[in-house]
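**Student:** quick one: sequence plus predicted model below, questions after.
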Amino acid sequence: MNLGAGIAAYGSGAKEPSHMSVLLHEFVDKRILVVEAGRPLTDDLRQQLTPHGATVLGPMPSVGAAIALVQIGSLDAAILDIELDGETAFSIAEISEEQGVPFVFVSYNAVGPKYPGFQLGQPSSLQTIGLALFRSTSH
């Protein structure tokens, strides 16, 4: 799964711009939950974030399992796909919001105005996602 030109480029061995390490600093020592039905998003994020000190948890394929993990309270952020085998992740977003866990949706589907998100196939970068997760005041 390609997360957009910015994310794919840095995971493929392309030379990292000098400002990249500063922006990816947002992920250092963070526990990031990835909720998706498959593995491509999780694998891409793990490959790109682990060298920067993040722990990527997932893929978490079910709403119930993801909610349980969010409620434990040991997460720094969540990256959610909207569609999970016939369920939607909106309830995970609501629980994350209640628990103070910042989250974004990353999906092939339009996210909608209520929640922050990035649509796959649209230009978005790991740095932009990090800024949305860790510098947003809305969560």
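**Tutor:** Noted; the coordinates are in hand.
**Student:** contacts only, for the closest residue to S91 other than its chain neighbours.
**Tutor:** Nearest non-adjacent residue to S91, counting by CB to CB, 6 or more residues apart in numbering: V63, 5.9 Å away. Yep, even glycine has a C-beta here, placed from its N, CA and C like the rest. Shown in contact with V63 (CB atoms under 8 Å, 6 or more residues apart in numbering): 84, 87-89, 91-92.
**Student:** and what of E36?
**Tutor:** 42, 58-61, 80-81, 84.
**Student:** quick check: pLDDT value at it.
**Tutor:** Note on E36: pLDDT of 86.
**Student:** quick check: it vs L57, distance?
**Tutor:** Distance of E36 to L57, given as CB to CB, to the nearest Å: 12 Å.
**Student:** I'd like to know which elements the host helix or strand of I95 is packed against.
**Tutor:** In the assignment (DSSP states H and E), I95 maps to helix 90-99. Helices and strands touching helix 90-99, by 3 or more CB pairs under 8 Å, 6 or more residues apart in numbering; DSSP states H and E, are helix 63-72, strand 77-80, strand 103-107.
**Student:** measure how it sits relative to helix 63-72, angle-wise.
**Tutor:** 0 degrees (axes from the mean of the first three to the mean of the last three CA atoms, to 10 degrees).
**Student:** format the CA atom coordinates belonging to helix 90-99 as CSV.
**Tutor:** Provided in CSV are the C-alpha atoms of helix 90-99 (Å, rounded to 0.1, in the frame of the first residue of the first chain):
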residue,chain,number,x,y,z
PHE,A,90,-15.5,5.7,14.1
SER,A,91,-16.1,4.2,17.5
ILE,A,92,-12.4,3.8,18.0
ALA,A,93,-12.0,7.5,17.2
GLU,A,94,-14.6,8.4,19.8
ILE,A,95,-12.9,6.3,22.5
SER,A,96,-9.5,7.6,21.5
GLU,A,97,-10.8,11.2,21.9
GLU,A,98,-12.3,10.3,25.3
GLN,A,99,-8.9,8.8,26.4
